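Peer 1: show me how the following folds:
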Amino acid sequence: MKMISRKHITTFTIVLITSALASLFWMNILALKDKKTMIIPMRNVSSRGDNVTVVYKNYKILMYAGQSYLKPFIENFKKTKCPSVPNCIISENLTEMHDSHAVIFNGVQLPGKPPDKPDRQIWVFHSMETVHFIHKPNKLWDDKFDLTMSFRKNSDIVRPYGKILRREKELKRNYTEVFRKKQYGGVWMSGHCPVPSRRKEFAQEIGKHMHVDLFGKCGTRPCGGRTTMLSECLKNVSRDYKFYFSFENTICTDYTTEKLFNLYLYDLEIIPVVNGPANAADYLPKGTFVNALEFPSAIELAKKLLEIGSNEEQYTQYLKEKDKYYDAGNGVVFSDAICQLCNKLGNNYTTNSQHYWTRMLKNGC
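Peer 2: Residues are numbered from 1 along each chain as shown. Okay, here's the model as predicted:
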């Protein structure tokens with residue numbers, strides 16, 4: 001009897017487990033009928049069982065005849081990708097035009113006639129120049145661009161010339177020794193003149209009230225070939241001069257170029273003096289630079305610079321504050337901009353080809 005009871009119990013247990021597994025199987029099959037299928041970027045994948053079947057989608061961005069200086073930044077993006085949309089890729093292969101979800105056109109290299117635009121493809125007008133140095137594309141392009149990319153904060157995709165970040169570990173120097181080596185007042189370097197901001201004339205006016213040397217083709221002293229990178233000339237003037245006049249060709253909101261950001265990128269021991277814009281403090285750390293727009297005249301600016309430059313404590317305080325920060329570099333800034341576009345694609349941005357030119361230049365610059 002004991003043997004029979006054990007056998008019955010074992011059989012009953014097997015039947016019970018089999019029935020339970022079968023029930024779970026059919027419950028899952030029936031549940032699938034109620035699930036929705038969505039194509040979403042990988043960043044939106046949830047592990048909490050939101051009743052959604054996930055289908056990964058790749059997004060492709062084409063750089064249409066991009067400028068050669070962008071190539072290392074493009075290669076950097078291919079390696080690092082966009083953290084929030086890692087399935088977003090970039091290409092320079094024009095044969096992939098019709099397979100791309102978005103196309104970036106450089107404003108200074110547009111063909112006379114637009115190529116065919118597939119339905120739902122996003123076109124981006126990219127320009128890093130102010131209105132004085134870029135021309136509006138011809139009428140054939142009027143209804144083609146959906147987004148703008150530029151240094152302007154009001155652009156659909158913002159790509160500044162630099163990105164200042166706070167250091168985790170502060171840079172240390174012998175600031176007394178740095179100050180001791182400073183022999184001269186201000187320095188301005190440029191090979192592009194004349195320009196709308198009249199920066200050469202402004203530097204010359206300041207020079208009537210303090211020591212100012214003008215380097216480059218616009219000045220009286222040579223400084224090697226023109227480059228956006230760190231040069232021996234720039235290193236030397238940063239060692240010998242107290243102030244670097246980082247004057248832009250145009251005074252426009254948000255417009256600050258690499259001539260300023262390089263001083264943070266390469267940790268140069270010199271105080272920047274900018275000729276604007278008025279909102280420079282929105283993206284440059286307070287106490288690390290001097291803005292000429294805050295002074296009513298060149299003579300008042302010169303007086304302030306002489307005051308700072310003649311006092312070791314005041315001067316080195318600017319350097320110490322500046323050394324708390326660094327510039328992330330063009331590669332990071334470019335990747336950030338492309339990632340903004342990736343996010344728009346991932347969020348199913350729809351085309352909007354209306355008034356791109358006036359939208360971009362609404363501040364008159």
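Peer 1: I'd like to know how far residue 171 sits from residue 244.
Peer 2: Look at residue 171 and residue 244: by CB to CB, to the nearest Å, they are 17 Å apart. C-beta coordinates here come from the backbone N, C-alpha and C atoms, glycine included.
Peer 1: actually residue 207, not the one I wrote
Peer 2: 14 Å.
Peer 1: these two: who's more crowded?
Peer 2: residue 244 (24 against 18; other CB atoms under 10 Å).
Peer 1: do you know the pLDDT at the nearest residue in space to the more buried one that is not next to it in sequence?
Peer 2: Spatial nearest neighbour of residue 244, excluding adjacent residues (CB to CB, 6 or more residues apart in numbering): residue 270 at 4.7 Å. In this model, residue 270 is scored at 98, pLDDT.
Peer 1: before we move on, what about residue 38?
Peer 2: 32.
Peer 1: for the stretch 251-365 of the chain, just list every one of the helices.
Peer 2: Listed in chain order, the helices of the stretch 251-365 of the chain (DSSP state H, counting those that start in this stretch) span 258-265, 298-309, 312-322, 330-346, 356-360.
Peer 1: those helices: which one's closest to residue 184?
Peer 2: Checking the helices of the stretch 251-365 of the chain against residue 184 by CB to CB gives helix 298-309 as the closest, at 9.5 Å.
Peer 1: so which elements touch that closest one?
Peer 2: strand 184-189, helix 199-206, strand 241-246, strand 271-274, strand 290-291, helix 312-322 (3 or more CB pairs under 8 Å, 6 or more residues apart in numbering; DSSP states H and E).
Peer 1: who touches the fourth one?
Peer 2: Counting contacts by CB atoms under 8 Å, 6 or more residues apart in numbering, the residues outside strand 271-274 that touch it are 186, 242-248, 256, 260, 263, 280, 284, 288-292, 301, 305, 308, 315, 318-319, 322.
Peer 1: nearest to residue 64, of the helices and strands packed on helix 298-309?
Peer 2: With CB to CB, the closest approach to residue 64 among those belongs to strand 241-246: 32.0 Å.
Peer 1: which strands or helices does the closest one pack on?
Peer 2: strand 184-189, helix 199-206, helix 258-265, strand 271-274, helix 298-309.
Peer 1: angle of the last one against strand 241-246?
Peer 2: Here the directions of helix 298-309 and strand 241-246 differ by 140 degrees (axes from the mean of the first three to the mean of the last three CA atoms, to 10 degrees).
Peer 1: show residues contacting stretch 87-104.
Peer 2: Contacts of stretch 87-104 (CB under 8 Å, 6+ apart): 41-42, 56-66, 71, 74, 77-78, 81-82, 115-116, 118, 121-124, 126, 149, 338-339, 341-342, 345-346.
Peer 1: how about stretch 70-85?
Peer 2: 41-43, 59, 63, 66, 88-90, 92, 330-331, 334-335, 338-339, 342-343, 345-346.
Peer 1: just the buried members of the residues you listed?
Peer 2: Among the contacts of stretch 70-85, those classed as buried by 16 or more other CB atoms under 10 Å are 41, 43, 59, 63, 66, 88-90, 330-331, 334-335, 338-339, 342-343, 345-346.
Peer 1: picking that back up, so who does the residue nearest to residue 244 touch?
Peer 2: 237-238, 241-244, 263.
Peer 1: switch the cut-off to 10 Å
Peer 2: 178, 182, 186-187, 234, 237-244, 246, 263, 318-319, 322 (CB atoms under 10 Å, 6 or more residues apart in numbering).
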